[in-house]
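Next comes the sequence, and after it the predicted model I'd like to discuss.
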Amino acid sequence: MMNESMNLIMVGRIKRRRRFILVTWLLAIIAFALCCTMLMLGNTIYPVTDVISVLLGEQVKGASFSVGTIRLPRMVAGVFAGFAFGISGHVFQTMLRNPLANPNVIGITAGSSAAAVFCIIVLHASSTFVSIASIIGGLATVIVIFLLSKGSSFSIGRLILIGIGIQAMLNAVISYLLLIGQHHDVPTAMRWLSGSLNGAKMENLYALMVTVLIFAPIIILLGKRLDMLELGEQTATSLGVNTDRTRVILIISSVLIIALATATTGPIAFVAFLSGPIAKRLVGIGFSSVIPAGLVGIILVLASDLIGQFAFVARYPVGVITGILGAPYLIMLLIRMNRKEEL
Amino acid sequence: MDKIHEFRAEKLTSGYENKMILEDIELEIPSNKISVIIGANGCGKSTLLKTLSNLIKSSSGNITLDGKSISKFPPKQLARILGILPQSPIVPEGITVADLVGRGRFPHQSFLSGWSKKDYEAVADAMEIMKITEFANRDIDELSGGQRQRVWIAMALAQQTDILFLDEPTTFLDITYQVEILDLLTDLNRKYGTTIVMVLHDINLSARYADYIFALEQGRLVGEGKPADIITSTLVEDIFGLNCTVINDPVSGTPLVVPKGRYHVKI
């Protein structure tokens, strides 16, 4: 009797685990294939051998410049930003137990955007300065929202409502700045706002790369605890999770990587929001889906960028394509939540 | 038997900013017995249970487990001795029953490890005690309220603690399932010597299943003892404000509270 039930549980669990591992590997392979495609495709199509030679540091006529200086930074920016958006979106959705939650609710995107647009329109600042200002703007907004929503105890509802309020305010500021901006500054600001991998340079990517390489592993290691938080404050505590500490570490880590990603590529719409749910749907429930969510983030960004570059006559920034993909999902989610009376 | 634990609260006061909910509680939980906390709505039953289990910080007073202050325990170590089933746990969407029960193994697992053989055994054991093995690989959303409640209790059982606190484990359940769950918890106590402390709404079921009763009235402990010794019409009148008579339960021989309303009273 006991053995039978052990078997039943084991068989099911092993089956779910196998699916999880298989799908995660598949996602990694797709992400890798997209990376290669990004390096190969462009005005001139280079074969894999040339791309590999360039990556190994050999000089290949023509390819060295376009692959090494233009396409490689673009690809690296897409990979790191996509991974950052994917995992931090998943962290927030799981921690706040709400599929509508994403780092936007704590104001990071609005704060970064307002600061960036201010620098572009009012200060006519250089792109490095814009990046730094947007990191500071994003982090400052997060801190303000947390301080304002800090009552006697932590409340998700209060956090989300105050976040929405602050976001609305900052969006008004952005609109105002765009209205008063000079002709040639407004398109730059708009491009920043829609999120783009254009003009990515290797030397501007190191900060993002280092931050992701430090903080993403922390989030991955805390994946199991993150899933425990999903059971609710009290259940998680009673099972031995130090909820306050876990939450603080998770929030700081995801806020930092998303601030850096936003500063580097602009807010690429919907990636943070879509990656987690897509990943969960694919790998199933029961294992931490931090890594799959990051991989889906990479796939979304790289695929959208390829579509934006090559599928149409005109070239569109990546954020436009992710926006087109994301909006129907948001509507579907709202309808489904409405039916389940969760709204 | 190393399942004996000494669990005490001294001069316990607790509450929110300006409203005290518990005042000056002194108690010792009888080891390896089933204790039930009774009292009217809003008298602080749940708060007492949560404060005792360190889910809410007390304003003053001491709670000690085996002589050591409960707040000094590392969270995981405490979770290996004391399990708590909160009143309304949250179900993660789409999770299977076995995986949810398996979450109860968290305090026994190291940082990155998957499920060990011991984890599988504990989960299988807990599911068998709660009679939910057949649902192992089903989505928890497909289960009925009573079945779900058994899943939550199984999760707390998989934690394999010597002490188990349950906050109204039978609310929202039909009477059949209430009795079934209380029977299962009694099995657990008799078979493994688990110390159980629970908040129950139904005073008659409390009187039947409890070895020991704590009676709360407006945040104060107004009575404690074996059901037969303390459940009297005076106590019920005091804590519930209910005019009643107490007779012998024909089935169990424990006290049975029969309320007197304004109608249908012959005596």
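Here it is on my side, so go on.

low pLDDT regions in the stretch 1-150 of chain B?
B:1-2, B:16-17 (pLDDT under 70).

Do a quick rundown of the helices in it.
For the stretch 1-150 of chain B, the helices defined by DSSP state H, counting those that start in this stretch cover B:45-52, B:75-81, B:97-102, B:117-129, B:145-158.

what about the one residue in chain A that gets nearest to chain B, how many residues close to it?
Closest approach of chain A to chain B (Cβ to the nearest Cβ) occurs at A:Gly240, with a separation of 3.0 Å. For every residue, glycine as well, the C-beta is placed using N, CA and C. The tally of other residues near A:Gly240 (other Cβ atoms under 10 Å in any protein chain shown) stands at 23.

Hmm, B:His108 and it touching each other?
No: applying Cβ atoms under 8 Å as the test, A:Gly240 and B:His108 come out as separate, 9.1 Å apart.

any shared contact partners between the two?
Between them, A:Gly240 and B:His108 share these contacting residues under Cβ atoms under 8 Å, 6 or more residues apart in numbering or on different chains: B:Arg80.

how about the nearest residue to B:Lys131, chain neighbours excluded?
Spatially, and ignoring its direct neighbours in sequence, B:Lys131 is nearest to B:Arg150 (6.9 Å; Cβ to Cβ, 6 or more residues apart in numbering or on different chains).

Contacts only, for the one you found.
With contact taken as Cβ under 8 Å, 6+ apart, B:Arg150 is in contact with B:130-132, B:181, B:184.

neighbour-wise, which of those residues leads?
Ranked by neighbour count under the definition other Cβ under 10 Å, these are headed by B:Met130 with 27 neighbours.

any bit of the helix ranked longest in chain A sitting next to chain B?
Looking only at chain A and at elements set by DSSP state H, the helix with the highest residue count is helix A:2-40. Yes: with Cβ under 8 Å from any Cβ of the partner chain as the criterion, chain B is reached by helix A:2-40 at A:2, A:5-6, A:8-13, A:16-17.

Taking the contacts of B:Arg150, tell me the two that lie furthest apart.
Farthest-apart pair in the contacts of B:Arg150 is B:Ile132 and B:Ile181; separation 11.8 Å (Cβ to Cβ).

Dump the C-alpha coordinates for the host helix or strand of A:Pro292 into CSV.
Applying DSSP states H and E as the criterion places A:Pro292 in helix A:290-310. Presented in CSV, the C-alpha positions along helix A:290-310 are these (Å, rounded to 0.1, in the frame of the first residue of the first chain):
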residue,chain,number,x,y,z
VAL,A,290,13.2,31.5,-12.9
ILE,A,291,15.6,30.2,-15.5
PRO,A,292,12.8,29.3,-18.1
ALA,A,293,11.3,32.7,-17.6
GLY,A,294,14.7,34.3,-18.3
LEU,A,295,15.1,32.2,-21.4
VAL,A,296,11.7,33.1,-22.7
GLY,A,297,12.7,36.7,-22.1
ILE,A,298,15.7,36.3,-24.3
ILE,A,299,13.7,34.5,-27.0
LEU,A,300,11.0,37.3,-27.0
VAL,A,301,13.5,40.1,-27.3
LEU,A,302,15.7,38.5,-29.9
ALA,A,303,12.8,37.1,-32.0
SER,A,304,11.0,40.5,-31.9
ASP,A,305,14.1,42.3,-32.8
LEU,A,306,14.7,40.0,-35.8
ILE,A,307,11.1,40.5,-36.9
GLY,A,308,11.4,44.3,-36.4
GLN,A,309,14.5,44.4,-38.5
PHE,A,310,13.7,42.1,-41.3
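
which parts of it are buried?
Neighbour-count burial for helix A:290-310, with 16 or more other Cβ atoms under 10 Å in any protein chain shown as criterion, is recorded at A:290-309.

Tell me which other helices or strands the following helix or strand past that helix touches.
Of the helices and strands lying after helix A:290-310 in sequence (DSSP H and E), the nearest is helix A:318-339. Applying 3 or more Cβ pairs under 8 Å, 6 or more residues apart in numbering or on different chains; DSSP states H and E, one finds that helix A:318-339 contacts helix A:185-194, helix A:271-283, helix A:290-310.

give me that answer again for 6 Å
helix A:271-283, helix A:290-310 (3 or more Cβ pairs under 6 Å, 6 or more residues apart in numbering or on different chains; DSSP states H and E).

Would you mind getting the angle between the shortest one and helix A:290-310?
For helix A:271-283 and helix A:290-310, the angle between their directions (axes from the mean of the first three to the mean of the last three Cα atoms, to 10 degrees) works out to 120 degrees.

could you give the mean pLDDT of helix A:271-283?
For helix A:271-283, the mean per-residue pLDDT is 91.

for it, packing partners?
Where contact means 3+ Cβ pairs under 6 Å, 6+ apart, helix A:271-283 is packed against helix A:2-40, helix A:72-95, helix A:290-310, helix A:318-339.

so A:Ala272 touches A:Pro103, yeah?
Yes: assessed by Cβ atoms under 6 Å, A:Ala272 is found in contact with A:Pro103 at 5.4 Å.

Between those two, which is the more surrounded one?
The neighbour comparison of A:Ala272 against A:Pro103 (other Cβ under 10 Å) goes to A:Ala272, with 34 against 29.

give the contact list for that one.
Residues in contact with A:Ala272 (Cβ atoms under 6 Å, 6 or more residues apart in numbering or on different chains) are A:85, A:89, A:102-103.
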